[in-house]
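# quick one, fold the following:
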Amino acid sequence: MTNKTVAYSIIALIVSSFSFYSPLLAHTNNSNNIEQEQINHYVKTFEENPPLFEKIAVAFSQKMDQKRNEDRAAKVKEHLRATPNILSSIATFTIGDGKKTTYAFVSPGCPHCKFLISDILSLNKEGKCGDGKICFLIVGNSKDHITQSLSAAAEMHQFEAFFNKIKDDMEKIGGKEDLLKIAEELGINQEQFAKHMDSKNIQRKIDEVSRIANQFMLDGFPSIVTPSGEVVIGRPPAEKLLNILAQPDGN
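Predicted structure coming up:
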């Protein structure tokens, strides 16, 4: 895509967002003379002043991100008000049993997700997770063996041991047989572990987590939904994570 094409696209978005009456990318339609003239004017201006174009494009992108974040927060808060217990009911693994709840959406293959899980497990060992509870919700394919195995380990109360065993070697794990061998090494009954992996209930929960993550517009992982209903994308530094876990309930 050429710089001029990018310029047309961004300017068309900007012009359209300011309530002009022609459709998006209206420079392709000669009948939209008012908007066409506006776009041509801005393209000429930006071609003569590239730094100005970059500044406007960045500002517009930031505005769009802000709007998306506001829409996402509204969706999450409304969902938590309407169905306050559904996320807890489909969580893969939960720490604590307090009233206020922090939700961590994590993807097994994501390095930052693995670090976040380790961060929270370490804080829990140190007694720093506060008086609420933390629900891990694994976002993945319900047919993926890694996702299934972590869910199975959680069902058998072996999530932490199993996660710590596989977290550094997930890319090397060949398939279900490898995971069953790892379970056996940890003293987990292979037959029961395999049944949990194949459980329709586990697969249903995984599918539901992915559906809700999409509904929440979570476009990066890990994603943390705080007790007050705010959304934090990415792995927060230790101090911020402690502040999130210490938040009061938003209800």
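# C-alpha from now on. contacts and neighbour counts both.
Noted.
# which SS class is residue 104?
For residue 104, the secondary-structure state derived from DSSP: H, G, I helix; E, B strand; the rest coil is strand.
# pretty sure it contacts residue 137?
Yes: look at residue 104 against residue 137 with C-alpha atoms under 8 Å: they come within range, at 6.0 Å.
# please enumerate the helices of the protein.
3-17, 33-48, 50-82, 86-90, 111-125, 145-155, 159-166, 176-185, 190-197, 200-215, 238-245 (DSSP state H).
# quick one: low-confidence parts of the chain?
Within the chain, the segments meeting pLDDT under 70 span 1-36, 38-39, 42, 248-251.
# and if we set it to 80?
Applying pLDDT under 80 to the chain flags the ranges 1-50, 52-65, 68-69, 80, 84, 98, 130, 247-251.
# quick revisit: winner for burial among the helices of the chain?
helix 145-155 (a mean of 22; mean count of other C-alpha atoms under 10 Å).
# I'd like the helices of the chain written out as a markdown table, with distance to residue 97 added.
A markdown table is the format used below for the helices of the chain (distance: least, C-alpha to C-alpha, whole Å):
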| stretch | distance to residue 97 |
| --- | --- |
| helix 3-17 | 46 |
| helix 33-48 | 57 |
| helix 50-82 | 18 |
| helix 86-90 | 11 |
| helix 111-125 | 12 |
| helix 145-155 | 16 |
| helix 159-166 | 17 |
| helix 176-185 | 27 |
| helix 190-197 | 24 |
| helix 200-215 | 20 |
| helix 238-245 | 13 |
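# closest one to residue 96 among those?
Residue 96 lies closest to helix 111-125 among these, at 8.7 Å (C-alpha to C-alpha).
# surely residue 186 and residue 164 touch.
No: between residue 186 and residue 164 there is no contact under C-alpha under 8 Å: 10.9 Å.
# check contacts around residue 112.
Going by C-alpha atoms under 8 Å, 6 or more residues apart in numbering, residue 112 touches 221, 222, 234, 235.
# of these, grab the buried ones for ChimeraX.
A single ChimeraX command selects the buried members of the contacts of residue 112 (16 or more other C-alpha atoms under 10 Å):
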select :221,222,235
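# and which of the contacts of residue 112 is nearest to residue 133?
Taking those together and measuring to residue 133 by C-alpha to C-alpha, the closest member is residue 222, at 17.3 Å.
# quick one: residues contacting that closest one.
Contacts of residue 222 (C-alpha under 8 Å, 6+ apart): 104, 105, 106, 107, 110, 112, 113, 116, 233, 234, 235.
# repeat the analysis, applying 6 Å as the threshold.
Residues near residue 222 by C-alpha atoms under 6 Å, 6 or more residues apart in numbering: 105, 106, 113, 234.
# of all those, which comes closest to residue 145?
After measuring the contacts of residue 222 against residue 145 - C-alpha to C-alpha - the closest member comes out as residue 106, at 15.6 Å.
# many thanks, have a good one.
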